[in-house]
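*Asks:* sharing a model that was predicted from the sequence below.
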Amino acid sequence: GENVEQHPSTLSVQEGDSAVIKCTYSDSASNYFPWYKQELGKRPQLIIDIRSNVGEKKDQRIAVTLNKTAKHFSLHITETQPEDSAVYFCAAYRRGSTLGRLYFGRGTQLTVWP
Amino acid sequence: SAVISQKPSRDICQRGTSLTIQCQVDSQVTMMFWYRQQPGQSLTLIATANQGSEATYESGFVIDKFPISRPNLTFSTLTVSNMSPEDSSIYLCSTRQGSDYGYTFGSGTRLTVV
């Protein structure tokens, strides 16, 4: 099956700085890569996603890049704000012989200090 | 994207008893997914439920312990059977409304077994 590695596990930045979270995946058959933000006690919320036929996608302060050759993708948050503090999960979607599913990374606890 | 209503939001149960968690989706979806999330951990897939067929369980999870029902395209239940304190966790359902939309999650059920 697929294996998704996520780094770092914790990340602290000053408000206004940028934050980068990196993930690698093992299976070249994976073709969809979402990022989720989970605030304490809340459900994971999709914040951005990218498909394997695209190298980069941006949505305001958030961007995701994908390098299919190296099998890694990254989340970039610019001009961070205290409300960006949360746990962020990357995931890779791989379609099996009958069912597709997401494989999640272990998560990154992002803290943005005012 | 699909909106999921999940209940109960939390429960405290006696060991040896069972709890059934319900998820209702506001639109018809093909597959629903059930996850477990231990405190501070990532999401672990328990099983995938396809309407009209038996659920597919991941390694380490069995139907006798986590029976799943999927009576129609908008509803699913997960039962945690013969509970022990080790089953204390957050349980989440998830689905995807077509291939053009990301996966969304229910609000989660925080289960404590005493």
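*Replies:* Thanks, I have it. Residues are numbered from 1 along each chain as shown, chains lettered A, B, ... in the order given.

*Asks:* could you tell me which residues of chain A lie near chain B?
*Replies:* A:34, A:42-46, A:49, A:89, A:98-99, A:101-102, A:104-107 (C-beta under 8 Å from any C-beta of the partner chain). For the C-beta atoms, the positions are set from N, CA and C on the backbone; glycine is no exception.

*Asks:* out of those, which are buried?
*Replies:* A:Pro34, A:Arg43, A:Pro44, A:Leu46, A:Asp49, A:Phe89, A:Arg101, A:Leu102, A:Phe104, A:Gly105, A:Arg106, A:Gly107 (16 or more other C-beta atoms under 10 Å in any protein chain shown).

*Asks:* tell me which of those fall in strands.
*Replies:* A:Pro34, A:Leu46, A:Asp49, A:Phe89, A:Arg101, A:Leu102, A:Phe104 (DSSP state E).

*Asks:* returning to that earlier point: between the residues of chain A next to chain B, which is nearest B:Ile21?
*Replies:* B:Ile21 has its nearest neighbour among the residues of chain A next to chain B in A:Arg43, at 13.6 Å by C-beta to C-beta.

*Asks:* next one, pLDDT for that closest one please.
*Replies:* On pLDDT, A:Arg43 comes in at 96.

*Asks:* hang on, B:Trp34 in a helix?
*Replies:* No - according to DSSP: H, G, I helix; E, B strand; the rest coil, B:Trp34 belongs to no helix; its state is strand.

*Asks:* quick one: contacts for the closest residue to A:Ser26 other than its chain neighbours?
*Replies:* Excluding its sequence neighbours, the residue lying closest to A:Ser26 (C-beta to C-beta, 6 or more residues apart in numbering or on different chains) is A:Asn3, at 4.3 Å. Contact analysis of A:Asn3 by C-beta atoms under 8 Å, 6 or more residues apart in numbering or on different chains lists A:Tyr25, A:Ser26, A:Asp27, A:Tyr103.

*Asks:* can I assume the last one is in contact with A:Cys23?
*Replies:* No - at 10.2 Å, A:Tyr103 and A:Cys23 do not qualify as touching, with contact defined as C-beta atoms under 8 Å.
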